[in-house]
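# Sequence and predicted structure are below.
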Amino acid sequence: MSVLVNELRIRSGKTTLVDGVSLEVAKGSWCTIIGPNGAGKTSLVTAMAGLRPHQEGSVSIDGVDVHALGERDRARRLAFVPQHPTVPAGMTVAEYVTLGRTASHGLLRAPSSDDRAIVEGVLERLHLAEFRHRDVTTLSGGERQRAVLARTFAQGTTVVILDEPTTGLDVRHQMEVLELLKKEVDECQLTVIATLHDLTLAGVFADQLVLLANGRILTQGPSADVLRSAALSEAYDMSLRVLSVDGADVVIPVR
Amino acid sequence: MSDSRQQRRTVIVSIAAIVAVVLAALAGLAIGPTPISVGAIVGDILRHLGIGHQQLSPLNATIIWQLRAPRMVLGLLVGAMLAVAGGAYQGVFRNPLADPYLLGVAAGAGLGATLAIVHDGGAVNVPTWTPWLAFAGALLAVALTWVIGGRGLRSTTSTLILAGVAVASLLTSAQTYLQQQASVQSIARVYIWLLGSLAQASWSSVTTILPYVAVCIALCVVAGRALDIMSVGEEEARALGLPVRRVRTVVILASSLGTAAVVSVVGLIGFVGIIVPHIVRLLVGTSYRRILPLSVLVGAAFLVGADTIARTILSPTELPLGVVTAAIGAPVFVLILSLRRGARV
């Protein structure tokens, strides 16, 4: 048992964004949510992160309702990365990564030596040590996303939820970000829930895929079961073909 | 900028700010129509502390301790409060144009004061209950903004700012209407009140606002760490474990209450709240843990310095304080901006 979503329903005004979604993500596994723009992916993951109100259903981590927790308790259990993280001007990489320790040291106390040690460890692990004193806004797209991941890992949670973590990155840096996450999943039993637009990469990295369209789950399961041209073509309302290349399912659009 | 350079710069600016406060305070005591030497003043202060026997003449002692000292201390409090409130507002609204009057405090205080003065009719002095009505008006304005802006807890910062604009215009129109109905004498007094001045300072005005100002400044300064976290935006700050709404509520209440207390006693003094935090930011960087405490010092020194100029440069006439704060503050700001080109505002 790890993350459990039960009959989640989210409305905004009269529009239903997420319409009765249920899913289960096992501890130490990777679940990727795919689907066209407007399918409700972002609404779903922000609600799973406890940052957005929902009308019905529930989200729980190890049996604890995410929405019943205060900010600080929640931030100790799960970390969230939005699609476009804000990178504040005038903050060094080390200061930015230290933000991840907020829930641990609290608001009135400075980060402890433990907090600093954790931040140092993460900076080393993500090859950011040399950038420690650089202003975050001066980093390249790939370095910046690594700094965001470092902040997220510094939070020290067992669950990480990411909305489009590869946005705006070239293919090498997309792979780099996903490999770094995969390493944490394999070595530290991290539970990852992510949304992705690249269906091929989604299939390569996830243990479990969830195909969302119009706020509902069309199919979910291992990537081999979800990456089928019939289901994908229905979800995206266009012709898509799935080819098997070197053991990976490659999705290509058909004109 | 590397951390060690940043730290060294912060230490230097902090020492300079403390020196500036001491110099401004001494100048505020020494300079005036009756010049009294700094040595004599320091001697008298030391005598009060039980060191030495140097004494001021009775007349000079009265000038210093009953006229200039309360005015100087009030100036320190007002400058510190307005500057730290402006800095805190800029942090909580993540908006460089935010100033302490953003949520309608100034318009509410203006309406309250106008009511008091107009109601009093042709009296020579501003009625003694003017500050209380101004204070009530200021708090009422913020409360109104809070309610209209989405009952505080569910509101976003932009709805609050817009509600503040609406409330300020509404109250200003009411104030203008009252003023237009009043006698010429009353209008003149309202006008003078709106310009802001420390001329009415007394020890009782100092002790009246001290508790509010002390608590509110302390709350704003303590919020620095939280405001730094909020620089990643409200949603991400919540995801990091920051109780964003609670922080926002505390900062807005503290800034507004302190500003209301100050404004009700000295009128509307502009420019300090918006420019001092920016000057400090240009000098020491974007962290509110540095900006807010330094704004307290720089704001205090700046306002007392400006007031000393306001009351002496055209003596015996006093210049409106707001004129002097802008006339000094704007060039200083432009100078620092050009010297620190490339630093982030």
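Arrived safely. Numbering: from 1, shown residues only, chains lettered A, B, ... in the order given.

# Show residues contacting whichever strand or helix holds B:Y177.
Of the helices and strands defined by DSSP states H and E, B:Y177 is found in helix B:157-181. For helix B:157-181, contacts defined as Cβ atoms under 8 Å, 6 or more residues apart in numbering or on different chains pick out B:92-95, B:98, B:101-104, B:106-108, B:110-111, B:114-115, B:118, B:137, B:141, B:144-146, B:148-150, B:155, B:186-187, B:190, B:234, B:248, B:252. C-beta here means a position set from N, CA and C on the backbone, and glycine is covered the same way.

# switch to 7 Å and redo it
Applying Cβ atoms under 7 Å, 6 or more residues apart in numbering or on different chains, the external contacts of helix B:157-181 come out as B:93, B:102-104, B:107-108, B:110-111, B:114-115, B:118, B:141, B:144-145, B:148-150, B:187, B:190.

# Mind checking which of the residues you listed are buried?
With neighbours counted by 16 or more other Cβ atoms under 10 Å in any protein chain shown, those contain buried members at B:93, B:102-104, B:107-108, B:110-111, B:114-115, B:118, B:141, B:144-145, B:148-149, B:187, B:190.

# buried ones in the longest helix belonging to chain A?
The helix of greatest length in chain A, counted in residues with DSSP state H as the criterion, is given as helix A:171-188. Of the residues in helix A:171-188, those scored as buried under the neighbour-count criterion (16+ other Cβ under 10 Å) are A:H173, A:Q174, A:M175, A:E176, A:V177, A:L178, A:L180, A:L181, A:K182, A:E184, A:V185.

# before we move on, back to that, immediately after the helix holding B:Y177, which helix or strand?
Remark: after helix B:157-181, the chain's next helix or strand is helix B:184-195, criterion DSSP H and E.

# what kind of secondary structure is A:V59 in?
The three-state label for A:V59, taken from DSSP: H, G, I helix; E, B strand; the rest coil, comes out as strand.

# Please report the distance of it from chain B.
Here the criterion is Cβ to the nearest Cβ, to the nearest Å. By it, A:V59 lies 14 Å from chain B.

# wait, isn't that residue in contact with A:V5?
Yes: the pair A:V59 and A:V5 qualifies as a contact (Cβ atoms under 7 Å) at a distance of 5.3 Å.

# angle of the helix holding B:Y177 against helix B:184-195?
With axes from the mean of the first three to the mean of the last three Cα atoms, to 10 degrees applied, the angle from helix B:157-181 to helix B:184-195 works out at 160 degrees.

# Would you mind naming what in the stretch 201-345 of chain B lies close to chain A?
B:222, B:225-226, B:229, B:231-233, B:235-236, B:238-243, B:285-286, B:344 (Cβ under 7 Å from any Cβ of the partner chain).

# Please list only the buried members of the residues you listed.
Applying 16+ other Cβ under 10 Å to those, the neighbour count classes B:222, B:225-226, B:229, B:231-233, B:235-236, B:238-243, B:285-286 as buried.

# So which of these are in helices?
When helices are assigned by DSSP H, the members of these inside them are B:V222, B:R225, B:A226, B:I229, B:E235, B:E236, B:R238, B:A239.

# which parts of the helix holding B:Y177 are buried?
B:157, B:160-161, B:163-164, B:167-168, B:170-172, B:174-175, B:178-179.

# One more: stretch A:10-23?
Residues of stretch A:10-23 classed as buried under the neighbour-count rule (16+ other Cβ under 10 Å) are A:I10, A:R11, A:T16, A:L17, A:V18, A:D19, A:V21, A:L23.

# Can you pick out the most distant pair from these?
In those, the most distant members under the criterion Cβ to Cβ are A:R11 and A:L23, with 19.1 Å between them.

# export the longest helix of chain A as PDB, just CAs?
Only the C-alpha atoms of helix A:171-188 are listed here, as PDB (Å, rounded to 0.1, in the frame of the first residue of the first chain):
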ATOM      1  CA  VAL A 171      16.100  14.700 -25.300                       C
ATOM      2  CA  ARG A 172      19.400  14.200 -23.400                       C
ATOM      3  CA  HIS A 173      18.200  16.300 -20.500                       C
ATOM      4  CA  GLN A 174      14.800  14.600 -20.500                       C
ATOM      5  CA  MET A 175      16.600  11.300 -20.200                       C
ATOM      6  CA  GLU A 176      18.800  12.700 -17.500                       C
ATOM      7  CA  VAL A 177      15.900  13.900 -15.300                       C
ATOM      8  CA  LEU A 178      14.000  10.600 -15.700                       C
ATOM      9  CA  GLU A 179      17.100   8.500 -15.000                       C
ATOM     10  CA  LEU A 180      17.800  10.500 -11.800                       C
ATOM     11  CA  LEU A 181      14.200   9.800 -10.700                       C
ATOM     12  CA  LYS A 182      14.500   6.100 -11.700                       C
ATOM     13  CA  LYS A 183      17.600   5.700  -9.600                       C
ATOM     14  CA  GLU A 184      15.800   7.000  -6.500                       C
ATOM     15  CA  VAL A 185      12.900   4.600  -7.200                       C
ATOM     16  CA  ASP A 186      15.200   1.700  -7.500                       C
ATOM     17  CA  GLU A 187      17.700   2.500  -4.700                       C
ATOM     18  CA  CYS A 188      15.600   4.400  -2.200                       C
END
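
# Quick one: mean pLDDT for that helix?
Confidence over helix A:171-188 (mean pLDDT, whole number) is 94.

# ok, the nearest residue to A:L232 once chain neighbours are set aside - contacts?
The shortest distance from A:L232 to any residue that is not its chain neighbour, by Cβ to Cβ, 6 or more residues apart in numbering or on different chains, is 4.5 Å, and that residue is A:L240. Under the criterion of Cβ under 7 Å, 6+ apart, the neighbours of A:L240 are A:S229, A:L232, A:S233, A:V251, A:P253, A:V254.

# Just the ones in strands from those, please.
Within those, residues falling in strands by DSSP state E are A:V251, A:P253.

# hmm, which of the contacts of A:L240 are the buried ones?
The neighbour count (16+ other Cβ under 10 Å) marks A:L232, A:S233, A:V251 as buried among the contacts of A:L240.

# Let me know the closest of those to B:I31.
Nearest member of these to B:I31, counting by Cβ to Cβ, is A:V251, at 78.7 Å.

# what about the helix or strand hosting A:A147, distance to the chain center?
In this structure, A:A147 is located in helix A:141-154 according to DSSP H and E. Using Cα atoms, centre = their mean, to the nearest Å, the mean C-alpha position of helix A:141-154 is found 13 Å from that of the whole chain.

# Tell me who's in contact with the residue nearest the centre of chain B.
The residue lying closest to the centre of chain B (Cα atoms, centre = their mean) is B:L82, at 2.2 Å. When contacts are counted by Cβ under 7 Å, 6+ apart, B:L82 touches B:P100, B:T259, B:V262, B:I269, B:V272, B:G273, B:G299.

# Same question for B:V324.
Residues counted as contacts of B:V324 (Cβ under 7 Å, 6+ apart) are B:A306, B:I309, B:A310.

# part of a helix, is it?
Yes: secondary structure assignment places B:V324 in a helix (three-state DSSP).

# Let me see the ranges of the strands in the stretch 101-250 of chain A.
All strands of the stretch 101-250 of chain A, identified by DSSP state E, counting those that start in this stretch, fall at A:159-163, A:191-195, A:208-213, A:216-221, A:240-245, A:248-253.

# Please name every helix or strand in contact with the last one.
Yep, that's strand A:248-253 we're talking about. Contacts defined by 3 or more Cβ pairs under 7 Å, 6 or more residues apart in numbering or on different chains; DSSP states H and E place strand A:248-253 against helix A:199-205, strand A:240-245.

# Closest residue of the stretch 101-250 of chain B to chain A?
With Cβ to the nearest Cβ as the measure, B:G241 is the residue of the stretch 101-250 of chain B nearest to chain A, at 2.9 Å.

# How confident was the prediction at that residue?
Confidence at B:G241, expressed as pLDDT, is 94.

# So which bits of the stretch 51-200 of chain A are right by chain B?
Contact residues, the stretch 51-200 of chain A versus chain B (Cβ under 7 Å from any Cβ): A:51, A:70-72, A:75-76, A:79-80, A:82, A:85-86, A:88-92, A:99-100, A:102-103, A:107-108, A:133.

# I'm done for today, thanks for sticking with me.
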